[in-house]
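Asker: attaching a predicted model along with its sequence, questions to come.
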Amino acid sequence: MPTTGTVVIGAGQAGLAASHCLAERGHDHVVLERGHVGERWLGTWDSLRLLTPNWINNLPGRPYRGTDPDGFAAAPAFARDLADYAESFGAPVLANTTVTRLHGRGDRFEVVTDDAGWRAANVVIATGWADRPAIPATARALAAGVHQAVASEYRNPGSLPPGGVLVVGASATGVQLADELHAAGRDVTIAVGGHTRMPRGYRGMDIYWWLDRLGTLSRTIDEVPDPALARREPSAQLVGTQDRRSIDLATLQARGVRLVGRLIAADGHRVRLAPDLPATTLTAELRMRRLLDRIDRHVDATGLTAEVGEAERPAHITPVHLVLDLDLRAAGIRTVVWATGHRRTYPWLRLPILDARGEIRQRRGHTPVPGVYVLGQRFQYRRDSSFIGGVGRDAHVVADHIAGRSRLTQETSHVQP
């Protein structure tokens, strides 16, 4: 079994950021990837674009230098960018290498793969925040004749059977799929749970420009009242398009998409829905208003009034009517798409670093086991820790610690008994 200083598991943006930072420090390492570089960005629906504008998607040693800073990269194009990034600094990536077990062996770790394995003093788990679809148990109670799909299996409207579609989930993925399916002529219903509403742009600037300017993206986990809740916050209802349009429940409803409450039970072709739609949409709207109020106060306080546009607020959402019981067959709904988020799974992990919910316990990337680190977690330290442009800061912290550990080990090994 070959030996290296550090094994990085995953060759997405987090794993490559770690590799670049380790390479800068002259630290020997290898990056193991079960597919290709940026694999997860290749397994998406055809029209997916990044939610963040190009100017913010910087990686260590790779600032954006393109000609469209305010644009939104298509997912396949971003995967190609990651492959080019890896090649630019000679990242030691072993593609098509699946990790099957990670465990301790004396003062080192063994990372066993389907090919062989590696022995290392350190391991960086960079498998990302989105691993496996979180499909609720309710799905098993639907009739066999109802086609079910998760967002990662969806490619385009033609990849689903003809007929109406029920999209379950109203975060970024859910609203984008509902919008695309409706535009393709499908009858679409969206079951709405907790969500984060914000406009694509406000007062002439992209919402991420404002979030960056307000310091929201750099807010740390120590500054939020409920860290667990912050890490479970739904992704914002946004879409990255060339026309920079907003997408939310108000725009969907105006186009003819039916809004219903949270799906709570199923029995064959019938589903039960919670009566919480008015409360859920109002909660999201109030949070959005507080953000826009902060922006307006910032504009007034900094004298930006002449530099930005007028304060035009998104439309208020008024549910047309409440639906508590939906007969899918009678409504012509043949497909249910689960856009209900993801869970992290680590079946190969044989180290005591998971909490009761199966999440990796960490503090600024350090897990409870010395020498084992994690990158790319939701709100790992800053709000943007899982963002493409935010993971680099955490990667530098982790790489510094690994380099320090390596120097300490070397110095200790040279001390004469």
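Answerer: Looks like it arrived, so ask away.

Asker: direction included, what does the helix or strand T189 falls within pair against?
Answerer: According to DSSP states H and E, T189 maps onto strand 188-191. Strand pairing for strand 188-191, using DSSP bridges, gives strand 164-168 (parallel), strand 258-260 (parallel).

Asker: buried residues in the first one?
Answerer: By neighbour count, with 16 or more other CB atoms under 10 Å as the criterion, the buried positions of strand 164-168 are 164-168. (Glycine included, C-beta is placed from N, CA and C.)

Asker: can you give me the strands in the stretch 1-150 of the chain?
Answerer: Along the stretch 1-150 of the chain, counting by DSSP state E, counting those that start in this stretch, strands occupy 3-9, 29-32, 93-94, 99-105, 108-113, 117-125, 132-133, 147-150.

Asker: any idea which of the ones you listed scores lowest on pLDDT?
Answerer: Averaged per stretch, pLDDT over the strands of the stretch 1-150 of the chain is lowest on strand 132-133, reaching a mean of 86.

Asker: what does that strand rub up against?
Answerer: Applying CB atoms under 8 Å, 6 or more residues apart in numbering, the contact partners of strand 132-133 are 150-152, 338, 340-345.

Asker: just how off-centre is that strand within its chain?
Answerer: 12 Å (CA atoms, centre = their mean, to the nearest Å).

Asker: likewise stretch 16-32?
Answerer: 23 Å.

Asker: for that stretch, buried residues please.
Answerer: 16-23, 25, 27, 29-32.

Asker: from these, which two are the most distant?
Answerer: R25 and L32 (19.6 Å; CB to CB).

Asker: quick revisit: in helices, which of the contacts of strand 132-133 fall?
Answerer: In helices, judged by DSSP state H, none of these are found.

Asker: and for P347, the neighbour number?
Answerer: By the criterion of other CB atoms under 10 Å, P347 has 8 neighbours.

Asker: follow-up on the earlier one: give the next helix or strand downstream of the strand holding T189.
Answerer: That would be, after strand 188-191 and using DSSP H and E, strand 201-202.

Asker: direction included, what does that next one pair against?
Answerer: For strand 201-202, pairing defined by DSSP bridges yields strand 205-206 (antiparallel).

Asker: run through who's touching the strand it pairs with.
Answerer: With CB under 8 Å, 6+ apart, strand 205-206 has contacts from 53, 70, 200, 244, 308-309.

Asker: out of those residues, which are buried?
Answerer: Using 16+ other CB under 10 Å as the burial test, those include 53, 200, 308 as buried.

Asker: just give me how far the helix or strand where A254 lies sits from the chain centre.
Answerer: Under the criterion of DSSP H and E, A254 resides in helix 249-255. Per CA atoms, centre = their mean, the displacement of helix 249-255 from the mean C-alpha position of its chain is 24 Å.

Asker: got the buried residues for it?
Answerer: Residues of helix 249-255 classed as buried: 249-253 (neighbour count, 16+ other CB under 10 Å).

Asker: so which elements touch it?
Answerer: helix 172-183, strand 258-260 (3 or more CB pairs under 8 Å, 6 or more residues apart in numbering; DSSP states H and E).

Asker: which neighbouring elements make contact with the first one?
Answerer: In terms of contacts (3+ CB pairs under 8 Å, 6+ apart), helix 172-183 is packed against strand 164-168, strand 188-191, helix 249-255.

Asker: tell me the domain ranges of the protein?
Answerer: 3-131+344-413, 142-338 (automatic domain parsing).

Asker: point out the most buried one among the ones you listed.
Answerer: Burial of those is given as mean neighbour count (mean count of other CB atoms under 10 Å); domain 3-131+344-413 ranks first at a mean of 19.

Asker: just confirm A141 contacts L263, I think it does.
Answerer: No - using CB atoms under 8 Å, A141 and L263 do not qualify as a contacting pair, with a distance of 10.7 Å.

Asker: shared neighbours of those two, anything?
Answerer: Counting by CB under 8 Å, 6+ apart, nothing touches both A141 and L263.

Asker: so where is the stretch 151-300 of the chain shaky, pLDDT-wise?
Answerer: Low-confidence segments of the stretch 151-300 of the chain (pLDDT under 70): none present.

Asker: so what's the gap between stretch 235-243 and the chain middle?
Answerer: 14 Å.

Asker: what's in contact with that stretch?
Answerer: 49-53, 71-73, 170-173, 175-176, 179, 195-198, 200, 207, 245-249.

Asker: repeat that for 7 Å
Answerer: Outside stretch 235-243, the residues that touch it by CB atoms under 7 Å, 6 or more residues apart in numbering are 49-51, 72, 170-172, 175-176, 195-198, 200, 247-248.

Asker: start and end of that stretch, how far apart?
Answerer: One end of stretch 235-243 to the other measures 21 Å (CA to CA, to the nearest Å).

Asker: and for stretch 163-176?
Answerer: End-to-end span of stretch 163-176 (CA to CA): 18 Å.

Asker: what of stretch 165-185?
Answerer: End-to-end span of stretch 165-185 (CA to CA): 11 Å.

Asker: on that earlier part again, next, format the strands of the stretch 1-150 of the chain as JSON lines and append distance to D81.
Answerer: Converted to JSON lines, the strands of the stretch 1-150 of the chain look like this (distance: least, CB to CB, whole Å):
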{"stretch": "strand 3-9", "distance to D81": "19"}
{"stretch": "strand 29-32", "distance to D81": "17"}
{"stretch": "strand 93-94", "distance to D81": "15"}
{"stretch": "strand 99-105", "distance to D81": "25"}
{"stretch": "strand 108-113", "distance to D81": "26"}
{"stretch": "strand 117-125", "distance to D81": "21"}
{"stretch": "strand 132-133", "distance to D81": "25"}
{"stretch": "strand 147-150", "distance to D81": "26"}
